[in-house]
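[1] sequence and computational prediction follow.
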2 protein chains.
Amino acid sequence: MTLSEENYLKSIYILQKGRSTGVSTTVLAQYLETKPASTTEMIKKLHEKELVIYQPYQGVMLNENGEKFALHVIRKHRLWETFLAEKLNFSWDEIHDVAEQLEHIHSEKLVRELDRFLGYPKQDPHGDPIPDAQGKMLKMEKKRISQLKKGDQGKCIGVNDTSSSFLQFLDKQAIKLGSAIEILNVEDFDQTMTVKVDGKKLLLSKIATENIYIRL
Amino acid sequence: MTLSEENYLKSIYILQKGRSTGVSTTVLAQYLETKPASTTEMIKKLHEKELVIYQPYQGVMLNENGEKFALHVIRKHRLWETFLAEKLNFSWDEIHDVAEQLEHIHSEKLVRELDRFLGYPKQDPHGDPIPDAQGKMLKMEKKRISQLKKGDQGKCIGVNDTSSSFLQFLDKQAIKLGSAIEILNVEDFDQTMTVKVDGKKLLLSKIATENIYIRL
DNA sequence: ATTTATATTTAGGCAAACCTAAAAAATATA
DNA sequence: TATATTTTTTAGGTTTGCCTAAATATAAAT
């Protein structure tokens, strides 16, 4: 399994999550920052290796086998993220690029021992669940801040957008995993919310509140 | 800097160590398990990038710039080796393959933080010195067991051969970093040595004694 | 000093993963 | 339904790093 193949499988998994329909060539190409023509090529290769379900013009889906590989890559990615955040003082926005490289290291022992070393964590620093060696993971009861109403309270358990600009914004606002959240007010006009985060009052735009996950 | 370029620079550094002459194409090719033709190609590329000194048929040497990069890769390799051995329970022979992959991860922050996390180690689990961020490292007073004579005593501080068969052999004999070594006898005929290792009497062949480093 | 052997380089190809441009299929619109 | 637009695929190229086979340079042996 090459680095590129792993990236395609992982991306298909992420883009497909929740949807019943296949992932389109163009969407996949955009996500991977390549061109549709390159994507078609790789999809055909993955199809020949029996890792995806594919019919020309119909998009692509992982089959059972492909999902197994995708989940393994995601497991490694999230374990490394945890390592970087907990042991190496990486901030939310610095984690991603490095984990993107580390997820492609091949060694079963490494993954097993890293998991043990970290104390078998169930979720990564973004609040996403970490698949176990069998690919099983918790699904979490989570809501976006934007779904809450005045007076609701909860804990920050993750983010949706993982772009570095958003993660830097969160760092700047001192919003982090575990932060206590309380909704003080929702502006009718533009859904801007006034929120208490670890005791500090903040104003969050709609786009921000849609990208932060909370457990009540 | 590509993964291949990094591997060539590192290998030239290691093969050149101690020698004043350049490293020959064939030797480099063997070390990297490629063909001489491929090696010539890469040497030319590194020469164009001004990382090595090269004239056709005269072998290759690192210039100052190339050495800087080589030492950086070696620094990363040895820090990761230390991490694998100390934190993840890797045995001597399991370390190498994984460190070989990890050394190519690109992130200055990662290296810096890993170094701190490990407590700024000065040598790796094989007893080799770890270059600092400036490429400086301790050089150690070390001798091969084969250079010692009856009655000499010392501590095991490293190995020369890092092939997995040799490292497995050492694990089996319970010879490890820090083991107390005492020479009990040297056989005139074939230089086979009787050695006390941490109190246990062992027989070591010439080829074994040549590949274990000792500090008196 | 030739010849022979070995080491190195050159020439021409191959696979992976990308690209652009053009063709074909699917979808949307008039 | 016919046409226009968008999406997807195909065709043909590029780069990196590898290969084999052949040519050339260097070193060793007679």
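    Perfect, thanks for sending it.

[2] would residue A:181 count as being in a strand?
    Yes: under DSSP: H, G, I helix; E, B strand; the rest coil, residue A:181 sits within a strand.

[3] now it. Nearest residue, chain neighbours left out?
    Of all residues not flanking residue A:181 in the chain, residue A:154 sits nearest, at 5.2 Å (C-beta to C-beta, 6 or more residues apart in numbering or on different chains). Glycine gets a C-beta too; all of them are placed from N, C-alpha and C.

[4] and the one you found, which of the three is it?
    Applying three-state DSSP: residue A:154 is strand.

[5] swap in residue A:134?
    coil.

[6] is the residue nearest to residue A:181 in contact with residue A:216, as I believe?
    Yes: the criterion here is C-beta atoms under 8 Å, and residue A:154 meets it with residue A:216 at 4.5 Å.

[7] higher neighbour count, those two?
    With neighbours defined as other C-beta atoms under 10 Å in any protein chain shown, residue A:154 and residue A:216 compare such that residue A:154 has more, 18 against 11.

[8] how near is that one to residue B:164?
    51 Å (C-beta to C-beta, to the nearest Å).

[9] so what's the spatially most central residue of chain A up against?
    Nearest to the mean C-alpha position of chain A, counting by C-alpha atoms, centre = their mean, stands residue A:128 at 6.0 Å. Residues in contact with residue A:128, defined by C-beta atoms under 8 Å, 6 or more residues apart in numbering or on different chains, are A:78, A:158.

[10] need the pLDDT of the residue nearest to residue A:181.
    Note for residue A:154: predicted pLDDT of 89.

[11] what does chain A put close to chain B?
    Within chain A, the positions adjacent to chain B are A:84, A:87-90, A:94, A:97-98, A:101-102, A:105-107, A:109-110, A:113-114, A:117 by C-beta under 8 Å from any C-beta of the partner chain.

[12] break chain A down into its structural domains.
    A:3-62, A:143-215 (automatic domain parsing).

[13] closest one to residue B:174 among the ones you listed?
    Counting by C-beta to C-beta, residue B:174 lies closest to domain A:3-62 out of these; the figure is 38.4 Å.

[14] report the longest helix in chain A, please.
    Across chain A, the helix with the greatest residue count (assigned by DSSP state H) is helix A:64-87.

[15] do that helix and DNA strand C meet at all?
    No: shown here: helix A:64-87 not in contact with DNA strand C (C-beta under 7 Å from any atom of the strand), separated by at least 13.6 Å.

[16] which other helices and strands contact the next helix or strand after that helix?
    Going down the chain from helix A:64-87, the next helix or strand is helix A:95-102, by DSSP states H and E. Other helices and strands packing on helix A:95-102, by 3 or more C-beta pairs under 8 Å, 6 or more residues apart in numbering or on different chains; DSSP states H and E, are helix A:64-87.
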